[in-house]
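Chemist: turn this into a model:
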Amino acid sequence: MTTVVTGAHGLVGSRVVARLKGERVIAVGREELDLRQPERIAAFLADVRPDGIIHCGAMTDVDACEKDPETAWAVNAAAVAALAKGRARLTALSTDYVFDGVKGDYSEEDAPNPQSAYARSKLAGELAALSLSRDRAVCRVALVYSGYPAAKRTFASAALEALRKGEPVRAFADQIGSPTLADNAAEMVIAVHRSGEQGVFHCGGATQVSRVDFAS
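Modeler: From the prediction side, this is the model:
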């Protein structure tokens, strides 16, 4: 089996690559594959002809997406559409941000209601995967963090850095989430990918805490 992993240097993608066993892995980051260019994605897939794609690549900076929604749309939606047109099984990562947060607890059956450019682009990516690929799964992750020093800066790492310096940490008491260790997210995503199941899956941590409690 040949599996392409996009976003291979990211929080979850790097852990997916580390955990794939018994398969030939083609790990690609932004240096190897520009997700803003659908024609290059198509050419790449035609060249390597993978059996599976675990799509972890994304534009995840919420503020940057708000400032540049066109790039957010290209990376988070159009790129998924390009990947979905191949014959490989596609497992695409998404986010809890597709919900507005009003209801509280969410299941896979709840209707999304995105409130930001980032969330809208990610929901569009979900729909592209579900509608264009015949063998697909969408894995929504939440509040991902990692213990690896070289990993991307997250709320958890920023809070830890501030606390070590004796500085205050700003955190919302009314924003509840399910913190997800990147390693655990990778395990769940791989399990979904290998299962052959279709549709949307929530792959978040088991706890529900506020940002204040998470920082504590």
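Chemist: what about Ser107, distance to Val189?
Modeler: For Ser107, the distance to Val189 equals 18 Å [C-beta to C-beta, to the nearest Å]. For every residue, glycine as well, the C-beta is placed using N, CA and C.
Chemist: of these two, give the one with the bigger neighbour count.
Modeler: The neighbour count for Ser107 versus Val189, taken as other C-beta atoms under 10 Å, is higher for Val189 (27 against 8).
Chemist: Cys139 is in contact with that one, correct?
Modeler: Yes: at 4.8 Å, Val189 and Cys139 qualify as touching, with contact defined as C-beta atoms under 8 Å.
Chemist: list residues touching both of those two?
Modeler: Thr91, Leu93, Cys203 (C-beta atoms under 8 Å, 6 or more residues apart in numbering).
Chemist: adding pLDDT and distance to Thr71 as columns, could you present these in TSV?
Modeler: Output for the shared contacts of Val189 and Cys139, formatted as TSV (pLDDT from 0 to 100; distance: C-beta to C-beta, whole Å):
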residue	pLDDT	distance to Thr71
Thr91	98	23
Leu93	98	18
Cys203	96	26
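Chemist: which of the residues you listed fall in strands?
Modeler: Mapping the shared contacts of Val189 and Cys139 onto strands (DSSP state E) picks out Thr91, Leu93.
Chemist: how near is the residue nearest the centre of the chain to Gly101?
Modeler: What sits nearest the mean C-alpha location of the chain, by C-alpha atoms, centre = their mean, is Leu93, with 3.7 Å. From Leu93 over to Gly101 the distance is 20 Å, taken as C-beta to C-beta.
Chemist: in this protein, mark out all the strands, start to finish.
Modeler: 2-6, 24-28, 52-55, 89-95, 136-141, 144-145, 176-177, 180-181, 199-202, 209-210.
Chemist: quick check: beta-bridge partners of Leu93?
Modeler: Leu93 forms beta bridges with Cys139, as assigned by DSSP bridges.
Chemist: for it, give me its contacts.
Modeler: Residues in contact with Leu93 (C-beta under 8 Å, 6+ apart) are Gly7, Val12, Ile54, His55, Cys56, Ala58, Val138, Cys139, Arg140, Val141, Val189.
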